[in-house]
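K.L.:
attaching a predicted model along with its sequence, questions to come.
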Amino acid sequence: MSGDTDRTGEEAGSDALVTYGIEDRPPLPTALLLGGQHYLTMVGANIAVPLILAGVLGFADRPAVLGKFVGTFFVASGIATLAQTTLGNRYPIVQGAPFSLLAPAIAVVGAAPVVGGMPDWQSKLLFLQGAIVAAAVAEVGIGYFGVVGRLRRYLSPLVVAPVIALIGLSLFSAPQIVDVAASVEGAQQNWWLLLLTLGLIVLFSQYLGDRNRIFDLFPVLLGVVVAWLVAFALSFFGVYTPQSLGYVDYGAVFDGQWVYAIHPLQYGMPRFETSFAIGMFAGVIASIVESFADYHAVARLSGVGAPNEQRINNGIGMEGLMTAFAGLMGACGCTSYSENVGAIGITGVASRFVVQVGAVLMLVVGFFGPFGRLVATIPDPIVGGLFVAMFGQIVAVGLSNLKYVDLDSSRNLFVLGTAVFVGLAVPEYMAIAGREAFVAGLGTVPVVGNALATPAVGGTLFVVGSTSMAVGGVVALFFDNTIPGTPEERGITAWEALAEGEDDYESPLDRLRSRRDDGVTKAD
């Protein structure tokens, strides 16, 4: 390994020892194992998004459709990671399906019309794809035109923290959590399997992590696998029937295609609706803020300076391109994964090459049919236990950004508390009122009521208002930048102190120009 990357990170604010630095290239056999490990840390999160969407779209009980759907997410993740680590910000950070787009995606699916001549789920999915692609185009512009880089002084940790926390908090009502644990049909209750999964994850990660490195690295994977084996045994010996909530349909794993022909537009041409696109853009904004925070975290853990303006802009622009690509594929966008950032802190492996090797593995696995169908056999109670652990972790990652903020400041406490509360309250109101009633109610607003109570304007406000991180983010951004407060108080000074120099990052285009200039110089 290179001598300048194996350090404690004291210069850049890292608390972890870096075993393999960003530029290091471990031997290929080692890189294969480490790359697979990196992706194993995010498997749980990357299957959570398609499983939730499958339940909302209505094909969660159709293994053939669900298997290809899950495989599509992994293919998109692999390609996006290769693009980001090679042409984007070049950080060793995995790209995967964003939780920040889940809330607006669920709102879009619920409001999308059904077009004749195709299954309902496919019709709604096409409207969802259109919303994702349209919002992603805006993200591309925000990134490559340098909007985030220029506005980063307005995005303090006090804005980032509630936005990320609300991503997890807004998903507490996922069907796999609520319906499993609180079913009114006694025969369908299976809360114990949910609690078993959650308990195993807690056991491996919190109680046994220090005793064995395997427990420390793979607590989520081990928890899900052990719970699945229990459910499989109960299904195999007839304790669970196909009508039971915890039944594992193991016969479906090899019943279907072995290789999926995953490609863009595989479900049809995306359909575009303005209000859906604007609502999805709210999720994209939350994803940008989340990635902005992740870039700082991965830099700190990798032992390098915090990202400069150019690196941030290139990273966000590439995420926009890959989100558009994922939308065309039928997936739900791509963003930087906090789980991967945490893996760097645990293992000390910050090698870009390792992450790229892992991306190739994930890309290959996505096309393999039995893998997707195996994932589809995971019962809802196990998924529910996984969600409790993962969503809670997202909340914690968001709140961890408050370490830079002065929490003795009443100003900061007001901004934080108001943003979180309003971010939860307004979407709850929207859910109770419903789209049609909300739009109709806008007509009672004096003077501007007629303009607001239209499908385009009213529908857009409903989708945005149904997105917790958008509501909370707007509130936090407004108050944090209008209520007087010092940079030290807001946490901006601490972030800037960790920043890398403007010359520490060279974009792919700049590298090509440098090589061309070097060639010209040598020729002269």
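P.N.:
That came in fine, so what should we check first?

K.L.:
need the strands for this structure, in chain order.
P.N.:
95-96, 335-336 (DSSP state E).

K.L.:
columns mean neighbour count on top of these, output as JSON lines?
P.N.:
C-beta: built from backbone N, CA, C; applies to glycine. As requested, those are exported to JSON lines (neighbours: other Cβ atoms under 10 Å):
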{"stretch": "strand 95-96", "mean neighbour count": "32"}
{"stretch": "strand 335-336", "mean neighbour count": "30"}
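
K.L.:
could the ones you listed be laid out in a markdown table, adding mean pLDDT and distance to residue 287?
P.N.:
Formatted as a markdown table, the strands of the chain follow (pLDDT from 0 to 100; distance: least, Cβ to Cβ, whole Å):
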| stretch | mean pLDDT | distance to residue 287 |
| --- | --- | --- |
| strand 95-96 | 92 | 11 |
| strand 335-336 | 90 | 5 |
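
K.L.:
what's the closest of the ones you listed to residue 105?
P.N.:
Among these, the nearest to residue 105 by Cβ to Cβ is strand 335-336 (13.0 Å).

K.L.:
contacting residues for the one residue sitting closest to the centre of the chain?
P.N.:
The residue lying closest to the centre of the chain (Cα atoms, centre = their mean) is residue 98, at 2.4 Å. By Cβ atoms under 8 Å, 6 or more residues apart in numbering, the contact list for residue 98 reads 49, 283, 287, 290, 332-335.

K.L.:
now do residue 104
P.N.:
Counting by Cβ under 8 Å, 6+ apart, the residues that residue 104 touches are 131, 279-280, 282-283, 463, 466-467, 470.

K.L.:
so which of the contacts of residue 98 is the closest to residue 115?
P.N.:
For the contacts of residue 98, the nearest to residue 115 is residue 332 (20.1 Å; Cβ to Cβ).

K.L.:
can you tell me how far the closest one is from residue 50?
P.N.:
Residue 332 is 7 Å from residue 50, where distance means Cβ to Cβ, to the nearest Å.

K.L.:
who has more neighbours out of those two?
P.N.:
More neighbours surround residue 332 than the other of residue 332 and residue 50, with 28 against 25 (other Cβ atoms under 10 Å).

K.L.:
next one: phi and psi at the more buried one?
P.N.:
phi -120, psi 50 (degrees, to the nearest 10).

K.L.:
could you check how far the residue nearest to the centre of the chain is from residue 154?
P.N.:
22 Å.

K.L.:
pretty sure residue 120 contacts residue 112?
P.N.:
No. With contact defined as Cβ atoms under 8 Å, residue 120 does not reach residue 112; the gap is 9.4 Å.

K.L.:
more neighbours: these two, which one.
P.N.:
The neighbour comparison of residue 120 against residue 112 (other Cβ under 10 Å) goes to residue 112, with 21 against 14.

K.L.:
tell me how many other residues crowd the nearest residue to that one once chain neighbours are set aside.
P.N.:
Spatially, and ignoring its direct neighbours in sequence, residue 112 is nearest to residue 127 (3.9 Å; Cβ to Cβ, 6 or more residues apart in numbering). Look at residue 127: counted by other Cβ under 10 Å, it has 22 neighbours.

K.L.:
can you check residue 244 too?
P.N.:
Residue 244, neighbours per other Cβ under 10 Å, totals 16.

K.L.:
list phi and psi for it.
P.N.:
Torsion angles, degrees, to the nearest 10, at residue 244: phi -80, psi 150.

K.L.:
ok, it - contacts?
P.N.:
By Cβ under 8 Å, 6+ apart, the residues touching residue 244 are 190, 235.

K.L.:
ok, the residue nearest to residue 269 when sequence neighbours are not counted to residue 261 distance?
P.N.:
Leaving aside its chain neighbours, residue 269 sits nearest to residue 126 (7.1 Å; criterion: Cβ to Cβ, 6+ apart). Distance of residue 126 to residue 261, computed by Cβ to Cβ: 18 Å.
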